[in-house]
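Chemist: with the input below, show me the fold.
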Amino acid sequence: MTDILPGSGFRRGFMFVLSSPSGAGKTTLSRLLLEQDNNLVMSTSITTRPMRPGEEEGRDYFFMTQEAFDALVQRGELLEYATVFGYSYGTPKAFVEAALGEGKDVLFDIDWQGTQQLATRCRDDLVSVFILPPSMAELETRLRKRAQDSEEVVSFRMNKAADEIAHWQDYDYVVINRDLDATLARITHILHAERHKRLRQTSLPEFVEQLCLQR
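Modeler: Next comes the predicted model:
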């Protein structure tokens with residue numbers, strides 16, 4: 001994959017958001033998308049939650065104190081931010097703006113709060129996908145299979161899921177994750193189609209003008 005589309009030249013990148021209730025598959029799908037597409041880069045969020053085993057600073061998140069996070073908010077250096085399960089999360093603005101200008105698409109693994117902020121501030125650069133579980137029972141099964149959280153946390157996430165799902169209509173696309181491979185294929189098709197949107201192909205007017213001169 002490149003940022004050069006056949007017959008059009010350079011295009012502007014866009015923000016590609018995946019949201020879902022915890023356990024519905026957005027993190028796994030994000031990883032698979034990044035593995036297969038070299039024109040897609042991950043937006044690494046800042047968070048105030050503790051680092052989990054196996055996570056690395058700068059790869060999974062930028063970890064910082066609440067005081068440092070609040071200072072970034074005050075200086076306007078975050079593109080979006082939200083509180084999730086008692087911890088703050090946010091997206092550094094400078095990295096995203098630079099990537100879009102280079103024709104890269106930036107992948108976001110964020111919740112509906114962050115997505116709404118992006119929609120308010122930069123709607124033309126945003127493509128959002130909400131991932132639904134096939135059932136609430138399956139969602140709970142997936143959370144328990146992860147074995148990352150206590151029983152109390154699993155119960156809290158399940159209670160939170162209904163509130164998150166209630167925002168599905170705010171998204172451009174909705175995909176039910178019954179099968180991981182099929183869901184990945186659907187999301188990949190969305191990504192490819194959005195890259196060919198006329199308004200994102202910024203050199204298309206020049207190409208068409210030159211094409212007409214060939215008559």
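
Chemist: give the buried residues for stretch 63-72.
Modeler: When burial is assessed from 16 or more other C-beta atoms under 10 Å, stretch 63-72 yields the following buried residues: Phe63, Met64, Phe69, Leu72. The C-beta positions use only the backbone N, C-alpha and C, and glycine is treated the same way.

Chemist: against Ile176, how distant is the last one?
Modeler: Just to be clear, that refers to Leu72. Distance from Leu72 to Ile176, counting by C-beta to C-beta, to the nearest Å: 36 Å.

Chemist: likewise Phe156?
Modeler: 24 Å.

Chemist: can you give the distance of stretch 49-62 from its chain's centre?
Modeler: How far stretch 49-62 lies from its chain's middle: 18 Å, per C-alpha atoms, centre = their mean, to the nearest Å.

Chemist: and for stretch 180-189?
Modeler: Mean-position distance between stretch 180-189 and its chain equals 15 Å (C-alpha atoms, centre = their mean).

Chemist: give the buried residues for that stretch.
Modeler: Buried residues in stretch 180-189, defined by neighbour count with 16+ other C-beta under 10 Å: Thr183, Leu184, Arg186, Ile187.

Chemist: now the residue most central in space within the chain. Nearest residue, chain neighbours left out?
Modeler: Closest to where the C-alpha atoms of the chain average out (C-alpha atoms, centre = their mean) is Phe108, at 2.0 Å. Spatial nearest neighbour of Phe108, excluding adjacent residues (C-beta to C-beta, 6 or more residues apart in numbering): Val17 at 4.4 Å.

Chemist: that'll do, ta.
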